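**Q** mind looking at a prediction? Sequence and model below.
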Amino acid sequence: MEYQSNPMGAMMMEQAVNRTYICKHVDYSDGIWHDVSPIALTDVVTGEAVKEETLVKACWDNQALYVRFECADSYAVSDFKNRNDPLYEQDVVEVFIDEAGNGKRYVEIVVSPNNIVYEVMIDHNDENDELKFSIDRDWVTKGLVTSVDIQEDLRIYTMIIPLTNFNKQPTDGTEWKINFYRIDEEQNGKRHFQAWSPSGAINFHVSSLFGTLRFSRL
């Protein structure tokens, strides 16, 4: 992915400090999504509204974290066929999860419109340069289940991420750093980059600007 910087980084950092999503504990079923609050993705650089809306919802139970992307999608491009192909070169949705919350290590899960998965572990190796990182392409999110459903011009992605992949079982009040992303390409080839917590650049790996996922049993 080509990365472009923008002088809005300081403003984005200030906004990200207070960007928190309350992730409610549920008795999970497909029908639960009607009762889960959505958050909207915006342009990753400017934080402004996007051409095709993306709503993200998340909830959890004692077994898994559930993430759902509801994407207005009049056109989709995705030619990749194999796990861990460079899906991000075309249309995808993505979630980055940093359990420790220090920006040093996080899992990246990417799903294409054809339900192909790219999943890696990212390690930031240089504490003086946030954008230097290594990629563990052998990482497997055990028990991960993904699906993609199409309803006219709405494409719905669902990820079921077992909590056994993390070091500690979350409890009420547990906080993880997290970000949600989407890459959406028009028929003319123009690409749109969306994020829940914008980074001020076309760069999804600015971990200091991830938002907060707060687990709640209320």
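**A** Sure thing, it's come through.
**Q** neighbouring strands of the helix or strand containing Lys177 in the sheet, and parallel or not?
**A** Lys177 belongs to strand 175-185 when elements are defined using DSSP states H and E. Sheet pairing for strand 175-185, assigned by DSSP bridges, gives strand 92-98 (antiparallel), strand 191-195 (antiparallel), strand 211-216 (antiparallel).
**Q** quick check: angle from whichever helix or strand comes after the first one to strand 175-185?
**A** Beyond strand 92-98 in the direction of the C-terminus, DSSP H and E gives the next helix or strand as strand 105-111. Our comparison of strand 105-111 with strand 175-185, counting by axes from the mean of the first three to the mean of the last three C-alpha atoms, to 10 degrees, yields an angle of 40 degrees.
**Q** can you pull out the helices in the chain?
**A** Secondary structure of the chain (DSSP state H): helices at 9-17.
**Q** which stretches of it have low pLDDT?
**A** 1-17, 127-128, 130 (pLDDT under 70).
**Q** the spatially most central residue of the chain pairs with what?
**A** The residue lying closest to the centre of the chain (C-alpha atoms, centre = their mean) is Val95, at 2.1 Å. The bridge-partner assignment for Val95, based on DSSP bridges, gives Ile109, Phe180.
**Q** okay, now the nearest residue to Phe210 once chain neighbours are set aside: neighbour count?
**A** Spatially, and ignoring its direct neighbours in sequence, Phe210 is nearest to Lys177 (4.1 Å; C-beta to C-beta, 6 or more residues apart in numbering). Glycine gets a C-beta too; all of them are placed from N, C-alpha and C. Each residue near Lys177 was counted by other C-beta atoms under 10 Å, and the total is 22.
**Q** now Lys177: how far from Ile97?
**A** 8 Å (C-beta to C-beta, to the nearest Å).
**Q** common neighbours of these two, please.
**A** Residues touching both Lys177 and Ile97 (C-beta atoms under 8 Å, 6 or more residues apart in numbering): 106, 213.
**Q** contact partners for the closest residue to Asn82 other than its chain neighbours?
**A** Excluding its sequence neighbours, the residue lying closest to Asn82 (C-beta to C-beta, 6+ apart) is Ile116, at 7.0 Å. Ile116 makes contacts with 78, 80-83, 85, 87, as judged by C-beta under 8 Å, 6+ apart.
**Q** using TSV, lay out the strands paired with strand 175-185 together with distance to Val111.
**A** Listed next are the strands paired with strand 175-185 as TSV, based on distance: least, C-beta to C-beta, whole Å:
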stretch	distance to Val111
strand 92-98	6
strand 191-195	14
strand 211-216	18
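**Q** out of those strands, which gets nearest to His34?
**A** Of all the strands paired with strand 175-185, strand 211-216 sits nearest to His34, with 18.2 Å by C-beta to C-beta.
**Q** OK, contacts around the residue nearest to the centre of the chain?
**A** 67, 108-109, 159, 178-181.
**Q** spatially, which two of those residues are the most separated?
**A** Within these, two members stand farthest from each other by C-beta to C-beta: Met159 and Asn179, at 13.9 Å.
**Q** so those two - more neighbours on which side?
**A** Asn179 (28 against 22).
**Q** Ser208 is in contact with that one, correct?
**A** No - between Asn179 and Ser208 there is no contact, the gap being 10.9 Å when judged by C-beta atoms under 8 Å.
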